[in-house]
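Trainee: could you look at this predicted model? Sequence included:
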Amino acid sequence: MSTNARNLALAAAGALALLTLPYWAKDLYWLHLATLIGAYWILIAGLNLVTGYAGQLSIGHVGLLAVGAYGFAILAGTHGLDPFLSLLLCGALGGIAGLLLGLPSLRLPGFYFAMATMAFALIVTELSLALGGLTGGGTGLSVPGFPSPMNSPWGYYWLVLAVAAGVTWLTWNVARFMWGRALIAIRDSEVAAASAGIGLFRLKLTVFVFSGITAGIGGGLFASLQSYITPDTFVFEIGLFFFVCIIIGGRGTILGPFIGTVILTALPEIVAPLAKLGAFFYGLMLLIVVLLIPEGVGRLVEVLIRRFRGEPHRSHEVKPDLPRLASVLARKEDAA
Amino acid sequence: MLAVIVSGLAIGAVYAAAALAYNVMFSTSKVLSVTTGHLFMLGSVFGAWFIGTLGWPIPLGLLGAIAVGAAFGWLTEIVAVRRVLARSDEHLWLLSTLALATMGQQAVGLWWGTEPRPFPRLIEQDFASGLADQKYWLPIGLVLVLALGLELFYRGTLWGKLFQATSEDAFAARARGIATDRVRSFSYLLAGALGGLAGFAAGQLTFAFFALGLQLTLFGFIALAVGGLGSNLGALVGGTALGLLSSVASYFFGGEFQHTIAVGLLMVVLLVKPEGLFGAKRVRPV
Amino acid sequence: MSALEAVSVTKRFGGLVALSDVSLDLRPGEVHGLIGPNGSGKTTLLNMLSGYYRPDGGRTSLDGEELDALSVQRRARLGIARTFQKPRLLPALSVLDNAMLGCWRDTRAGFVETAFALPRARREEKAFRDRAIELVHGVGLGHALTRSAGLLEHAEQRFLEIARALAARPRFLLLDEPAGGLTGAEIEHLGRIVGTVRESGIGVLLVEHHTDFVFRICGRVTTLDRGRLIKHGTPDEVRRDPEVVRVYLGA
């Protein structure tokens, strides 16, 4: 119970810190950065279910981000729709794009799927250049903001924070209930998953479509934050970045990828030379993690804490409790 | 129209060569390396640097390009494949080769620049030679030589036979005393040399461009999947089909839909024949 | 007629005939042994019943309804659960979570219900947790309930797989060499668990090499050799059969 209480206290402190960030952030630039992290996180939280939980390596989610971003720019900008309605439509658009991408590719082996997502990202860039009438081609589009009070940096930060918190809550629920176990089973043993009756393709497709929705919404918020988008905004390296955040943070957790997102977004801003190295830095981090700690940094911290606390004496003796077994087998319960 | 076909054949030859390189590495390791396209990129960039910038004679530049490609292939095996294969987990080799490919591409981008640069002429020829230009027939000729050479290598040499034994059943090969680790290392070295050579030969067509790597990793893979994983004939057919299709489609619709069309081809083939045109049906593992 | 059946099934892998015209029926509330030398087709038959292979000849059925076209998942949902020769657990999850995975068969809460933590998802979670806790204690892993499955010893993994299979409330349980690698005392425990499972009305198929164990706890035994059925009957009949003695038990 004490660890629970402490976790709760930590979570409350974290939430408070995030809520009050506009009051203690050094300047507007940091607030902008925090908002950017929030917009990225909305996408990454959804992608985390696909990659961190179900183990499907999507390296082209930037394509879905671009779909949401252009969708928002066109709906709210070109057509002058209400920004909130546009944002919802961006989610739908992202979900449909996710469905179209996932349907043919999620049945294929892992490498095929990864290549398909990468190709998708390149196709989106290609189309955004080709369909100039809609997207402004290489010149790009300017993106409108949200109405007051969301038109100030503070207001917009809170909007993004609220959406990010909501998405995080949704993924946390998926992760902690039966779906989370089923997704991890798909990741770690398709054979075991199938024998438990888990429809592999149906679950993969469901979370992939969900990740499309969050990518669409994240894309809309991202575009509005940037206020101007061009095809160059959505280079393939950003897709790689999303993916690396999750792998480095650790698969099968939510906090790990979140910390990964914060650090990987903020680090190049703090340490200037890293920004110059760009994707090289992401590649290097990825290589180090894969070779040395394939479970991710989050997992490593967990193991270290456990080791530091010391392990209680472990028994390995199997002692069946047959009356208990008989009584649970005799239950004629239906599912709840 | 003839120009469209010739240029399609030439770029198709590059895709086919990338598919061949995939096959060489896949046969001994069952790994599809994301670094495949980068072997070609290194061949063309370093070829251009050796000859164009450093002023090396062409044969020396060629050897240098092959050596750089081979070195990167070997590095792929040592850094990204050898260690993770022990863990027998598909996602790990995908990640490690992706990481290495990203680092390689970005390093070249930082050093060489992100703009495509021209590749020097290899043979005295008028620039107005049109369809007979070396930039077309060098890659086409080379990929045929490479495919033939690989076939002779597999059939006719001891190392080739070791490759095949490892490819068919690595476990049994090890049991028969074949040092499968060394065979695998050698296959990456070979694929690297092949990539360096082909990248060099196709340099005038593709330019010396840092982003060529990822591009060829994707298009080479599409050629491979269309032709059938593991089949060299399939690699040739798949690469040629992809090259011709891109080229013809660009002629009719403009060059903006390259990826869309390539992926469209892949999807159609995978729907009709999931194992590719010349691929072996895989038995379902339990 | 209530039974899980294979009727004259044949399975070929390339040129190799793994099963040839083999029949077997598994009834509720019985323990049915399946024995034979290595490579005789025992696991192939089990894989066929659980849906990993389609028969090349003959058919598989449940209560007389043909199963051949059904996927592994569909069969699991019809109440056919199994364990594996090499335990396939999820090392990243706790023992309890691994056991709960078996409850997927009863999960009705869809993605949206789950994501919004609607009442059904919560209710199911609680019921499944309770069921899995009882099963984990029942098979003797109460000491390791919250332990990561990756830290379990071999015997514990085997028992956890049984708990996971039972969490699906199966009608038929297919065990693939469950006694492999267990100590004598652990095999005793296994025997009692299988007995308890049988008494609850579940039909158990036991693919096993420990013939003493099989003859002790099975009501009927089927013997295979090189893909053919060579003897089917009570343990006593099988044990005395000269052909079984010659190819498998040894003189």
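Mentor: Okay, I see it.
Trainee: what residues of the helix or strand containing A:R307 count as buried?
Mentor: Here A:R307 sits within helix A:297-309, counting by DSSP states H and E. Neighbour-count burial for helix A:297-309 flags A:297-299, A:302 (criterion: 16 or more other Cβ atoms under 10 Å in any protein chain shown). Every C-beta, even on glycine, is put in place using the N, C-alpha and C of the backbone.
Trainee: can the one helix or strand A:V262 maps to be found next to chain B?
Mentor: For A:V262, the host element (DSSP H and E) is helix A:255-270. No - figure legend: helix A:255-270 not in contact with chain B (Cβ under 8 Å from any Cβ of the partner chain); closest approach 13.1 Å.
Trainee: what comes into contact with the helix or strand that that helix is followed by?
Mentor: Counting by DSSP H and E, the next helix or strand C-terminal to helix A:255-270 is helix A:272-277. Identification of contacts with helix A:272-277 by Cβ atoms under 8 Å, 6 or more residues apart in numbering or on different chains yields A:267-269, A:281, B:106, B:110.
Trainee: dump the C-alpha coordinates for helix A:272-277 into CSV.
Mentor: Provided in CSV are the C-alpha atoms of helix A:272-277 (Å, rounded to 0.1, in the frame of the first residue of the first chain):
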residue,chain,number,x,y,z
ALA,A,272,23.3,22.3,-29.6
PRO,A,273,25.8,19.9,-31.3
LEU,A,274,23.2,17.1,-31.0
ALA,A,275,20.8,19.1,-33.1
LYS,A,276,23.5,19.3,-35.8
LEU,A,277,23.9,15.5,-35.8
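Trainee: just how off-centre is it within its chain?
Mentor: Chain-centre distance of helix A:272-277: 24 Å, with Cα atoms, centre = their mean, to the nearest Å.
Trainee: what comes up buried for it?
Mentor: A:274, A:277.
Trainee: average pLDDT across it?
Mentor: Taken as a whole, helix A:272-277 has a mean pLDDT of 81.
Trainee: for stretch B:172-186, same thing?
Mentor: pLDDT averaged over stretch B:172-186 gives 88.
Trainee: cool, and stretch B:232-245?
Mentor: pLDDT averaged over stretch B:232-245 gives 94.
Trainee: which non-adjacent residue is nearest the closest residue to chain A within the stretch 1-150 of chain B?
Mentor: Closest to chain A within the stretch 1-150 of chain B is B:T102: 3.4 Å, counting by Cβ to the nearest Cβ. Of all residues not flanking B:T102 in the chain, A:G283 sits nearest, at 3.4 Å (Cβ to Cβ, 6 or more residues apart in numbering or on different chains).
Trainee: I figured A:Y40 was touching A:F222, is that so?
Mentor: Yes - A:Y40 is within contact range of A:F222, at 7.4 Å (criterion: Cβ atoms under 8 Å).
Trainee: comparing these two, which shows the higher neighbour count?
Mentor: A:F222 (28 against 24; other Cβ atoms under 10 Å in any protein chain shown).
Trainee: from chain B, how far out is that one?
Mentor: 22 Å (Cβ to the nearest Cβ, to the nearest Å).
Trainee: what sits against that residue?
Mentor: A:F222 neighbours (Cβ under 8 Å, 6+ apart): A:36, A:39-40, A:43, A:65, A:68-69.
Trainee: among these, which two are most distant?
Mentor: A:L36 and A:G68 (14.8 Å; Cβ to Cβ).
Trainee: the two: who's more crowded?
Mentor: A:G68 (33 against 18).
Trainee: how about the more buried one, what does it touch?
Mentor: Counted by Cβ under 8 Å, 6+ apart, A:G68 has contacts A:90-91, A:93-94, A:215-220, A:222-223.
Trainee: cool, and A:L129?
Mentor: Counting by Cβ under 8 Å, 6+ apart, A:L129 has contacts A:135, A:137-138, A:231, B:256.
Trainee: if any of these are buried, put those into a ChimeraX selection.
Mentor: The ChimeraX selection below is limited to those of the contacts of A:L129 classed as buried (16+ other Cβ under 10 Å):
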select /A:135,137,231
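Trainee: before we move on, back to that, among the contacts of A:G68, which one lies nearest to B:A21?
Mentor: A:A215 (33.0 Å).
Trainee: flag every buried residue along stretch A:120-127.
Mentor: Buried-residue list, stretch A:120-127, by 16+ other Cβ under 10 Å: A:120-127.
Trainee: average model confidence for stretch A:89-103?
Mentor: On average, stretch A:89-103 scores 97.
Trainee: where in the chain is pLDDT low?
Mentor: Went with chain A since none was named. A:1-2, A:310-313, A:333-336 (pLDDT under 70).
Trainee: that's the wrong chain, I wanted chain C
Mentor: In chain C, residues with pLDDT under 70: C:1, C:251.
Trainee: in it, what residue is nearest chain B?
Mentor: Taking Cβ to the nearest Cβ, chain C has C:Y52 as its residue nearest chain B, at 4.8 Å.
Trainee: quick one, phi/psi of that residue?
Mentor: phi -80, psi -30 (degrees, to the nearest 10).
Trainee: distance check, it against chain A.
Mentor: 8 Å.
Trainee: show me the contacts for B:R174.
Mentor: Contacts of B:R174 (Cβ under 8 Å, 6+ apart): B:T180.
Trainee: now do the buried residues in the strand or helix carrying it.
Mentor: Assigned by DSSP H and E, B:R174 belongs to helix B:170-175. Across helix B:170-175, burial judged by 16+ other Cβ under 10 Å covers B:170, B:173.
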